[in-house]
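Q: just to be clear, the model below is a prediction. Sequence and coordinates:
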Amino acid sequence: MKVAVIGGGLAGLNAAKILSEYCKVDVYEKNDVGGLASSFCKDYCIEKFYHHFFREDTYLIELLKELGLKSKIVWKVIRIGQAFKGRIYPLNTPTEILRFPALSFFDKIRLALFTLKAKRMNFRDYDEIDVITGLKSSVGEEITRRFFVPLLKAKFGENYPNVSYAWLLARVSIRSNRKLTGEELGYLRGGLHQFIKKLSENLEIKKEKAKIKYNGKWNVNGKDYDALIYTAPIPELGELRKKLGIRDIKYQSSICLLLGFDERFTDIYWINYEDEPFGATIEHTNFMPFEDYGEHLMYVAAYTTPEKVYEKSDESIFKEWVNSLKKYGFKGKINWYKVFRSKYAGPVYEKGYRKLITPYRIRRGFYLAGMTSEANYPERSMNGSLMSGKTAADKLIEDFLS
């Protein structure tokens, strides 16, 4: 039996790895293997887009151990912050949160109570309510505007008003199990390129754009296959999406400016910003040791729409974003920069999104896994992508090989 896997990101690589024990598998990937988890390498390797994982990502952690990477797993409590009126405020400990000037003491109490309440709410009941309407009814105008809107903008860019309240409730519930000193995250010391290399070992990877046809068998670039697993963005299916009955899903785009520089910016890992051309900074060397790289590394990240992702040049993004950072005290000498873009970085979890979640088996012989799968809702993650690839492979095995 011959199977084609379209897309060499985490979902595609994991599906192909599992299926390769049963049949002949070809992976088609037009860009870098690893997808959004691929790396830029110089004297060291660093992901093009920021990545980390959580204690709850049990499938990913077990897979890392299975692939001999257990000793590289590092856990660290990181610091987060919020920019407000030209200053950056840490928001990790109860004391720091109480000092945050954007909210009154009463609002901070109300926010804490909302976090507790969200854990008990059935988020599925709120899928048809937009996030701003839901928040205003739960926490009021001020908390919505001053606390949640910057976070939503950092995550969804200009798409944020369309996001479902169900997504936020589920996200708050999942992410509220944090330590008193901050949130604990995991990373693979030395970079995720090690994981990608292990996942893709012994796989047949074709570096070409996949053109899919169906003529009784699935045909990719002139080669026939008995079955196909599709893990690339749904819009790239073109007319085939409609023929297969897959609903149209709205995507957002990601732009990441990656900086190498000589002087630490802050001691905070993740900072959210409002009214800036970017939504967040993620200072990687406040997570992993400076000594691993010999310079400081930071992502400056924004989400936009597919129509705008290539609107500005790399140079104009670099100049504009760095000038904005200088207002907050950035003064490091920049050694180099890279701008990375993903036109289809992930779905917008808009109102009614749960109805749009794609099934793993579209029909016998055509399977779908990735960002729009159940495993990636409400927490889009490496763990979810790997799980979606596994589930799609399991469905194929059940249909053809069991």
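A: The structure has been received and is ready for your questions.
Q: contacting residues around residue 102?
A: 82, 84, 89, 146-147 (C-beta atoms under 8 Å, 6 or more residues apart in numbering). Bear in mind the C-beta positions are built from the backbone N, C-alpha and C, glycine included.
Q: so, low pLDDT: which residues of the stretch 101-250 of the chain?
A: 175-181 (pLDDT under 70).
Q: burial of residue 129, as a residue count?
A: Here the number of neighbours of residue 129 (other C-beta atoms under 10 Å) works out to 18.
Q: how near is the closest residue to it other than its chain neighbours to residue 143?
A: In this structure, residue 129 finds its nearest non-sequential neighbour in residue 165, 4.3 Å apart by C-beta to C-beta, 6 or more residues apart in numbering. Using C-beta to C-beta, to the nearest Å, we find residue 165 at a distance of 14 Å from residue 143.
Q: before we move on, what about residue 83?
A: The spacing between residue 83 and residue 143, counted by C-beta to C-beta, is 17 Å.
Q: got it, and residue 136?
A: According to C-beta to C-beta, residue 136 stands 9 Å off from residue 143.
Q: in this protein, where's the longest strand?
A: When the chain is parsed with DSSP state E, its longest strand is strand 334-347.
Q: packing partners of it?
A: When contacts are defined as 3 or more C-beta pairs under 8 Å, 6 or more residues apart in numbering; DSSP states H and E, strand 334-347 packs onto strand 251-261, helix 314-326.
Q: among these, which is the most enclosed?
A: Highest mean neighbour count among the helices and strands packed on strand 334-347 (mean count of other C-beta atoms under 10 Å): strand 251-261, with a mean of 22.
Q: what's it packed up against?
A: In terms of contacts (3+ C-beta pairs under 8 Å, 6+ apart), strand 251-261 is packed against strand 296-304, helix 314-326, strand 334-347.
Q: pull the residues that contact whatever helix or strand comes next after the longest one.
A: Tracing the chain past strand 334-347, the next element assigned as helix or strand by DSSP states H and E is strand 361-363. The set of residues that contact strand 361-363 without belonging to it, under C-beta under 8 Å, 6+ apart, is 244-246, 367-368, 392, 395, 399.
Q: for PyMOL, what selects the buried ones among the residues you listed?
A: Buried members of the contacts of strand 361-363, identified by 16 or more other C-beta atoms under 10 Å, are gathered into one PyMOL selection as follows:
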select buried, resi 246+367+368+392+395
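Q: make a markdown table out of the contacts of strand 361-363 and add distance to residue 263 and secondary structure.
A: Formatted as a markdown table, the entries for the contacts of strand 361-363 read as follows, by distance: C-beta to C-beta, whole Å; DSSP: H, G, I helix; E, B strand; the rest coil:
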| residue | distance to residue 263 | secondary structure |
| --- | --- | --- |
| 244 | 52 | coil |
| 245 | 55 | coil |
| 246 | 49 | coil |
| 367 | 49 | strand |
| 368 | 46 | strand |
| 392 | 46 | helix |
| 395 | 51 | helix |
| 399 | 57 | helix |
